[in-house]
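J.: Give me a 3D structure for the following:
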Amino acid sequence: MNRSLEIFVIFISLILTSACDSNKQPALLGPSSWLITNAMVVDGTGADAFLAAVRIEDDKILAVGELTPLPDESLIDAKGMVLAPGFIDPHSHADDELTEMLDSISALSQGITTVVVGLDGFSKHPISDYFSKLEANPPSINVASFSGHNTLRDLVLGKDYRRKATEQEVKNMVSKLEIDMTSGVLGLSTGLEYEPGIYSSTDEVITLARSIAPDGARYVTHIRSEDRWFEDAIQETIDIGKAAKIPVHISHLKLASSRLLGSAPALLKTLDSALADGIIISADIYPYTAWQSTMLILIPDRDPENVIEIRKALNEIAPPESILFSYFAPYPSYIGKTLREISDDIGQDPVTVFSSLAKASKKWTERTGERGDLIIAGIMDERDILKLMTWPNTSIGTDGSLEDKHPRGKGTYPKILSRYVREKRVVSLETAIYKMTFLPAKQLGIKNRGLIKPGAYADLLLLDPGNIKDHATMENPSILSEGILAVWVNGQPTFGGELHTGRFPGRIIRRGDH
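T.: Numbers count the residues shown, from 1 in each chain. Prediction:
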């Protein structure tokens, strides 16, 4: 039996034994004390790995070092496998799924123990209702949230949103933001490339961000343009951080048009200059060269009949062969096909077909109130991704959901650890895990997680560094990764191999929690 399988068998047997213990009420609460011995500990700080034992007592890490088993303590011999903090996903779209898919297998199977939601400017409001729902029926993983600017703007401006907000309307948004702040959101998120935020002024965003800066909050943004006006959007983000005196974090940083390819050094020079000026700025990335969004994101004025902008987008941002329909409500038969394939089937040019499909999707949304399409597309260069990955202030996130049509939803972290740590050696194992744990915790203000140290919450995972690998692809994004041997959330074993343990110890993480 190989070491990975042996650990898994022991882990599962301990869980089953604890479930049969009649003194445990309710069933499956399991042991309150675990000792993990012979672990190659990667503690989340970026420091070199070291061999040690780690004791978990209730929901915290009690001790790290040379430890002797205690009576009735559940013992796991890690056999030299890597013990790391649970991964913290700084950009998740699992908001709604967490209330239904409580096992969160897509997250646990790649080592994620905490997700941050309410991103791209969209969140629940009031967030207290969402938090109460999750606390009444907890998922397997921890959840933190931002308050979304698009959501606040929609609540205040309603259907009359294609304009700048008045001073009173901005004040009303601030009031709603303060309600969410009282409930413990991490800060404000924007999606300035989406409606209705696309129509907001920079001053509007600054006012909102400035209102929460004294409370230790963060500003996180899907910038106003990830392609055509990229440089202006980066500068706007820097200006917001400077004016509001708030830490800023750029979501899913990417270079996503033909003219931007190869410009990672120039981008990082701009960001480093902002840091030198005293602006706290950071970013997260995912390890894929294609993004996922809606068709209209490619058209600045959101007019599906604007063939000039469509042609520009297909030439410079998303070539027809790169646009894969991962969801298309009006014509489900197009799911899994590229725009090029559909155009060839129909016998029309890609610009005409894109316009026609975008109109159909827009009409579907207007009629049903539901999303009409999702496309996976892009021409990003892996070399740029690697340069962004090695920037000291870049953390790793999925930008995915629990049922994502993009492989990032099930493969992000194992892909980093297999392709870019083990195979290409772009970053060390210790650096990669730092970028998945303590770094995002610092960037977003999450306390006492993302580290293996006494007193930290026991969000932990055992992984096999020689065999961890992602399997999800663009064609089949639902395949789970392998190599995560065991996962604990708040001291409770939640996942082993491909099995969920039946425990749901996830918690709401609020700003300022310790």
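J.: contacts and neighbour counts: CA atoms only from here.
T.: Will do.
J.: Show me the helices in the stretch 151-300 of the chain, by range?
T.: Ranges of helices in the stretch 151-300 of the chain, per DSSP state H, counting those that start in this stretch, are 167-182, 202-212, 230-244, 264-276.
J.: closest one to Ile509 among those?
T.: helix 167-182 (12.7 Å; C-alpha to C-alpha).
J.: Reformat the helices of the stretch 151-300 of the chain as a markdown table; add mean neighbour count and mean pLDDT.
T.: Below are the helices of the stretch 151-300 of the chain laid out as a markdown table (neighbours: other C-alpha atoms under 10 Å; pLDDT from 0 to 100):
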| stretch | mean neighbour count | mean pLDDT |
| --- | --- | --- |
| helix 167-182 | 18 | 98 |
| helix 202-212 | 20 | 98 |
| helix 230-244 | 19 | 98 |
| helix 264-276 | 15 | 98 |
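J.: Now render those helices as JSON lines, adding distance to Ser109.
T.: Shown next, in JSON lines, are those (distance: least, C-alpha to C-alpha, whole Å):
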{"stretch": "helix 167-182", "distance to Ser109": "31"}
{"stretch": "helix 202-212", "distance to Ser109": "35"}
{"stretch": "helix 230-244", "distance to Ser109": "34"}
{"stretch": "helix 264-276", "distance to Ser109": "31"}
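J.: List just the one of those that sits closest to Glu403.
T.: Set against Glu403 and scored by C-alpha to C-alpha, those come closest in helix 167-182, at 26.9 Å.
J.: Using CSV, list the CA coordinates for that closest one.
T.: Presented in CSV, the C-alpha positions along helix 167-182 are these (Å, rounded to 0.1, in the frame of the first residue of the first chain):
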residue,chain,number,x,y,z
GLU,A,167,-24.9,63.1,-4.0
GLN,A,168,-27.9,61.9,-2.0
GLU,A,169,-27.9,58.6,-3.8
VAL,A,170,-24.3,58.1,-2.9
LYS,A,171,-25.1,58.9,0.7
ASN,A,172,-27.9,56.2,0.5
MET,A,173,-25.3,53.7,-0.8
VAL,A,174,-23.0,54.6,2.1
SER,A,175,-25.8,54.0,4.6
LYS,A,176,-26.5,50.5,3.1
LEU,A,177,-22.8,49.7,3.1
GLU,A,178,-22.6,50.7,6.8
ILE,A,179,-25.3,48.2,7.6
ASP,A,180,-23.2,45.4,6.0
MET,A,181,-20.1,46.7,7.8
THR,A,182,-21.9,46.3,11.1
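J.: could you give the angle of it to helix 202-212?
T.: Between helix 167-182 and helix 202-212, the angle comes out at 40 degrees (axes from the mean of the first three to the mean of the last three C-alpha atoms, to 10 degrees).
J.: on contacts alone, who are the packing partners of helix 167-182?
T.: Other helices and strands packing on helix 167-182, by 3 or more C-alpha pairs under 8 Å, 6 or more residues apart in numbering; DSSP states H and E, are strand 147-148, helix 149-157, helix 202-212.
J.: Excluding its own residues, what touches it? List them.
T.: 125-128, 147, 152-153, 156-157, 187-188, 204, 207-208, 211-212 (C-alpha atoms under 8 Å, 6 or more residues apart in numbering).
J.: Repeat that for stretch 231-247.
T.: With contacts defined as C-alpha under 8 Å, 6+ apart, stretch 231-247 is touched by 202, 205-207, 209-210, 213, 217-219, 221, 223-226, 248, 274, 279-281.
J.: for the closest residue to Glu57 other than its chain neighbours, phi and psi?
T.: Distances taken as C-alpha to C-alpha, 6 or more residues apart in numbering put Ser33 closest to Glu57, at 4.6 Å, once the chain neighbours are dropped. The phi/psi pair for Ser33 (degrees, to the nearest 10) reads phi -130, psi 130.
J.: With Gln292 as the reference, measure out to Ser33.
T.: Using C-alpha to C-alpha, to the nearest Å, Ser33 is found at 42 Å from Gln292.
J.: re earlier: and the contacts of helix 167-182, which is closest to Ser104?
T.: Closest approach between the contacts of helix 167-182 and Ser104, by C-alpha to C-alpha: Ile127, at 20.5 Å.
J.: Now that closest one: closest residue in space, sequence neighbours ignored.
T.: Using C-alpha to C-alpha, 6+ apart, the nearest residue to Ile127 is Asp180, at 5.7 Å.
J.: who does the residue nearest to Ser147 when sequence neighbours are not counted bridge with?
T.: Distances taken as C-alpha to C-alpha, 6+ apart put Leu188 closest to Ser147, at 5.0 Å, once the chain neighbours are dropped. When bridges are called by DSSP bridges, Leu188 pairs up with Ser147, Tyr219.
J.: these two touch, right, Leu188 and Arg218?
T.: Yes: in terms of C-alpha atoms under 8 Å, Leu188 counts as a neighbour of Arg218; the distance is 6.5 Å.
J.: Looking at these two, which is more packed in?
T.: Leu188 (30 against 26; other C-alpha atoms under 10 Å).
J.: contacting residues for that one?
T.: Contacts for Leu188 (C-alpha under 8 Å, 6+ apart) come out as 121, 146-149, 177, 208-209, 217-220.
J.: at 7 Å instead, please
T.: By C-alpha atoms under 7 Å, 6 or more residues apart in numbering, the contact set of Leu188 is 146-149, 209, 218-220.
J.: Which one of the residues you listed is nearest to Gly336?
T.: Gly148 (31.0 Å).
J.: Find me whatever residue is spatially closest to that closest one, sequence neighbours aside.
T.: Excluding its sequence neighbours, the residue lying closest to Gly148 (C-alpha to C-alpha, 6+ apart) is Gly121, at 3.8 Å.
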